[in-house]
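Peer 1: Test case, fold it:
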Amino acid sequence: MRFMSYAGIVWVAVFTLAGCKSALAIVPVTAISIQAGTPSSGSVSSGVWTPAVPYTVPQTLQLSAVISPTDATAQTVVWSSSDSTGKITVSSTGFVTAAGPAGALGEIVITAAATDFSGTIGTFEVNVNGWGS
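Peer 2: Numbers count the residues shown, from 1 in each chain. Sure thing, here's the model as predicted:
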């Protein structure tokens, strides 16, 4: 039997007297944790970013997704924001922008979803209570 793994794809070949049989296996994403960089203003604590109050200028924060297991086939995520007003946005690289007075939006959830159709997600909160409109 031969076993090879590369970039989350596993190839197994079994050699018998009757011939060779092989198969490919995909390693699914099982967990995504989100790490935060240093915000342009405000504070980050326990997976929640609280931008500075009162709102003054666009505030930003870089997020990164850590995928488990490390040999998962898909090593990319799709980022999204639960804010329907478009004032708290996230780019395709995890760059979050709080771009305007958000009113009483409360807790906005930034989501990183695995691209392997496993349904695995990681979340991070932005607390914009008290910004005023």
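
Peer 1: Now P58: closest residue in space, sequence neighbours ignored.
Peer 2: Spatially, and ignoring its direct neighbours in sequence, P58 is nearest to A99 (4.9 Å; CB to CB, 6 or more residues apart in numbering). (C-beta placed from N, C-alpha, C; glycine too.)

Peer 1: count of neighbours near that neighbour?
Peer 2: Neighbour count for A99, taken as other CB atoms under 10 Å: 17.

Peer 1: swap in S92?
Peer 2: Neighbours around S92, by other CB under 10 Å: 9.

Peer 1: ok, it - contacts?
Peer 2: With contact set as CB atoms under 8 Å, 6 or more residues apart in numbering, S92 has these partners: 78-79.

Peer 1: Just confirm T123 contacts I110, I think it does.
Peer 2: Yes - with contact defined as CB atoms under 8 Å, T123 counts as touching I110 (6.9 Å).

Peer 1: Pairing partners for the residue most central in space within the chain in the sheet, please.
Peer 2: By CA atoms, centre = their mean, the chain has its centre lying nearest to A112, at 2.7 Å. Here A112 sits in beta bridges with W79, G122, going by DSSP bridges.

Peer 1: low pLDDT regions in the chain?
Peer 2: For the chain, the stretches with pLDDT under 70 are 1-17, 19-24, 100-105, 130-133.

Peer 1: how does it look with 50?
Peer 2: 1, 3, 7 (pLDDT under 50).

Peer 1: longest strand of it?
Peer 2: If you go by DSSP state E, the chain has its longest strand at strand 59-68.

Peer 1: what's the distance between that one and the middle of its chain?
Peer 2: Relative to the mean C-alpha coordinate of its chain, strand 59-68 is positioned 6 Å out (CA atoms, centre = their mean, to the nearest Å).

Peer 1: of T123 and I110, who's got more company?
Peer 2: I110 (24 against 14).

Peer 1: No further questions, thank you.
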